[in-house]
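> Turn this into a model:
(one chain, ligands or ions: 2)
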Amino acid sequence: MPPIPADFHPDLERFIGTARWFGGKGRPFRVTGARRAGELGGDGGAQVVVELVSVTYDDGVGGVELYQVPLSLRREPEERLEHAFVGRWDDLHVYDAVHDREAMALWLRAFGSAPTAEPTAGTAADGLLFHRSADEELDLTAQAAMLSAEQSNSSVVFGEQALMKVFRKVTPGVNPDIQVHDVLTRAGCDHVAALYGWLDVTGEAPEGSGGSVIQLAMLQQFLRTASDGWELARASVRNLFAEADLHADEVGGDFAGESARLGIALAETHVVLAEEFPTEQLDQAALQQVADGMTARLDAAVDVLPELAAYAEQLRPLFAAVAGLEGLTVQRIHGDLHLGQTLRTVKGWKLVDFEGEPARPLADRLLPESVWRDVAGMLRSFDYAAQVVHREFDSDPRAESDVVEQRLHRADEWSERNRDAFVAAYAGREVTAAERVLLAAFEADKAVYECVYEARNRPGWVMIPLSAVARLAGGAPPAVAE
Ligand SMILES: Nc1ncnc2c1ncn2[C@@H]1O[C@H](COP(=O)(O)OP(=O)(O)O)[C@@H](O)[C@H]1O
Ligand SMILES: O=P(O)(O)O[C@H]1O[C@H](CO)[C@@H](O[C@H]2O[C@H](CO)[C@@H](O)[C@H](O)[C@H]2O)[C@H](O)[C@H]1O
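Numbers count the residues shown, from 1 in each chain. Ligands and ions are numbered 1, 2, ... in the order given. Down below sits the predicted model:
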């Protein structure tokens, strides 16, 4: 196929700008180029072009970002793909390929023909190199279906066997999600879905990438019996609200046992990560850098959400205290842990999505960090679950104020109970004073990150992390109306 013409760029801008996975929401941008990573199909059947689309922001911050956009090209309009329509390119009707079953079957077949014996060998489709990392025989007749919970990337399930995650924002270099799944699968870690394969671009490395590979997708075991930790936690809060005169430990849907099991799953995963990746003891200069990083993120966040300024001065000493700690060991961690990254299966809790915070530079996401950062991410998530349900119940202005008050109290109680159960099981011993300082600092750092995330993606939820910032800063709750 010829390259995408420049007059298709406005269609790409419209499509990317409204996609859930687009990390630049709220910032005016332009599509400044589209490079063909590869092509699949075309012999009379479905035809797919995989484009790496360059996005440049009008504010000039952050340089060019690359987004993977696989496009399905159709001669006739496809009614069932209307929701995935991108635009017209000459006489072609162009759709987001991840929604197109026939297009996705091409990916699965390419994975199916990749040899498994040599992990470095692969099947090359035009420009694309498919790798297999496990002997699992793939069912090539399995139907593809998009996972509706589309988040930072797009995930497609093949039957009940495999799940392919198509990375959207791509950066030249090792993809942390593929890397960690590969290592943990080989190490026999029980708390992740096994890696089956991955997809690289074979063509010339893009300018400025230092010759690095670009990794486009990951194929892994589909956890058929999984329930999302975020859904389960909220169901437990709802259950508590239904009996608002009872305490969290008195109702049937109590979650504390699951929170404790989740703490153990995280601790066990951290142990394997520490065995398989380098660990390091931070010296004073490195600790200072960690503290400075938190402060710098706070300063940048105040520019995005000025309401944070009211708490900035109280947060600074909390971050500065990190520089005064001694003997902090760092290792590879999850990096963006929250309840939405946990799945409860019949075989226990699994952790997903080891990509780290999507907004962080790739190099930073590969660095060893303190395990308490992951713990803090989960603590924030317990708070979110309680607060989100509280809003579901009490967004009605006619709700009686004493009932609202009571439920708010129960929400806090639920959050505290589950946070405590999680930390106690994770640590398996008393948490030291130094660890408590770290936890509070990482929790505040995460809440600051969430303020930016919500301001850009879900402005109606910004009060959830902002209230947490206020609590951690020891100040009065925010009075900002939503
Ligand atoms: N191996 C799996 N089996 C079943 N469901 C999964 C699996 N991996 C992820 N999921 C589901 O897909 C959703 C998105 O996956 P995730 O890795 O978090 O993607 P993203 O990077 O887009 O946030 C998760 O919330 C989870 O519910
Ligand atoms: O799952 P992603 O890697 O895309 O993570 C991003 O999106 C998350 C929301 O989906 C966001 O998580 C925040 O909201 C969650 C509830 O939806 C809550 O449980 C988390 O605690 C909260 O941080 C995450 O921060 C962001 O990186």
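
> per-residue confidence averaged over stretch 395-413?
Regarding stretch 395-413, the rounded mean pLDDT is 79.

> Please export the C-alpha coordinates of that stretch as CSV.
Provided in CSV are the C-alpha atoms of stretch 395-413 (Å, rounded to 0.1, in the frame of the first residue of the first chain):
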residue,chain,number,x,y,z
SER,A,395,-24.4,12.5,44.0
ASP,A,396,-28.2,13.1,44.4
PRO,A,397,-28.6,16.5,46.0
ARG,A,398,-31.8,15.3,47.6
ALA,A,399,-30.0,12.7,49.7
GLU,A,400,-30.5,13.4,53.4
SER,A,401,-27.4,15.0,54.9
ASP,A,402,-27.1,12.7,58.0
VAL,A,403,-27.3,9.6,55.7
VAL,A,404,-24.6,11.1,53.4
GLU,A,405,-22.5,11.8,56.5
GLN,A,406,-22.9,8.2,57.7
ARG,A,407,-21.9,6.7,54.4
LEU,A,408,-18.9,9.0,54.1
HIS,A,409,-17.9,7.7,57.5
ARG,A,410,-18.4,4.1,56.4
ALA,A,411,-16.4,4.8,53.2
ASP,A,412,-13.4,6.0,55.3
GLU,A,413,-13.8,3.0,57.6
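
> For the stretch 301-450 of the chain, what lies in contact range of ligand 2?
Neighbours of ligand 2 within the stretch 301-450 of the chain, by C-beta under 6 Å from any ligand atom: 336, 338, 339, 340, 353, 357, 358, 380, 381, 384, 450. All C-beta atoms are positioned from the backbone trio N, CA, C, and that covers glycine.

> Let me know the helix or strand that the nearest residue to residue 359 once chain neighbours are set aside is in.
Take residue 359 and drop its neighbours on the chain: the residue closest to it by C-beta to C-beta, 6 or more residues apart in numbering is residue 23, 6.1 Å away. Residue 23 belongs to no helix or strand when assigned by DSSP states H and E.

> Can you give me the neighbour number for residue 225?
10 (other C-beta atoms under 10 Å).

> Report the next helix or strand after the strand or helix carrying residue 163 in sequence order.
Assigned by DSSP H and E, residue 163 falls within strand 162-166. Remark: after strand 162-166, the chain's next helix or strand is strand 169-170, criterion DSSP H and E.

> where does the stretch 251-400 of the chain come near ligand 1, residue by residue?
340, 341, 343, 352, 353, 355.

> which ones among those are found in strands?
Per DSSP state E, strands hold the following members of these: residue 343.

> List of residues touching stretch 282-300?
If you take C-beta atoms under 8 Å, 6 or more residues apart in numbering as the criterion, stretch 282-300 is touched by 308, 312, 315-316, 319-325, 328-330, 370, 441, 444-445, 448-449, 452.

> go with 7 Å
By C-beta atoms under 7 Å, 6 or more residues apart in numbering, the residues outside stretch 282-300 that reach it are 312, 315-316, 319-320, 322-323, 325, 328, 330, 441, 445, 448-449.

> ok, now stretch 21-34?
Stretch 21-34 is contacted from outside by 4, 9, 12-13, 16, 51, 53-59, 64-65, 150-154, 168-169, 358-359, 456-457, using C-beta under 7 Å, 6+ apart.

> Going through these, which ones are buried?
Among the contacts of stretch 21-34, those classed as buried by 16 or more other C-beta atoms under 10 Å are 4, 9, 12, 16, 51, 53-56, 65, 152-154, 168-169, 358, 456.

> Now do the phi/psi pair for residue 15.
The phi/psi pair for residue 15 (degrees, to the nearest 10) reads phi -60, psi -50.

> Provide the secondary structure category for the nearest residue to it once chain neighbours are set aside.
Spatial nearest neighbour of residue 15, chain neighbours left out: residue 86 (4.6 Å); criterion: C-beta to C-beta, 6+ apart. Three-state assignment for residue 86 (DSSP: H, G, I helix; E, B strand; the rest coil): strand.

> immediately after the helix ranked longest in the chain, which helix or strand?
The longest helix of the chain (DSSP state H) is helix 401-427. Heading C-terminal from helix 401-427, the first helix or strand you meet, by DSSP H and E, is helix 433-457.

> The next helix or strand after that following helix packs against which elements?
Downstream of helix 433-457, the first helix or strand assigned by DSSP H and E is helix 463-473. Using 3 or more C-beta pairs under 7 Å, 6 or more residues apart in numbering; DSSP states H and E as the contact test, the elements touching helix 463-473 are helix 309-323, helix 371-394, helix 433-457.

> Tell me which of those sits most buried.
Highest mean neighbour count among the helices and strands packed on helix 463-473 (mean count of other C-beta atoms under 10 Å): helix 371-394, with a mean of 23.

> what's in contact with that one?
Contacts for helix 371-394 (C-beta under 7 Å, 6+ apart): 230, 233-234, 237-238, 241, 266, 270, 331, 333-334, 336-339, 404, 407-408, 411-412, 414-415, 418-419, 422-423, 426, 435, 438-439, 442-443, 446-447, 450, 464, 468.
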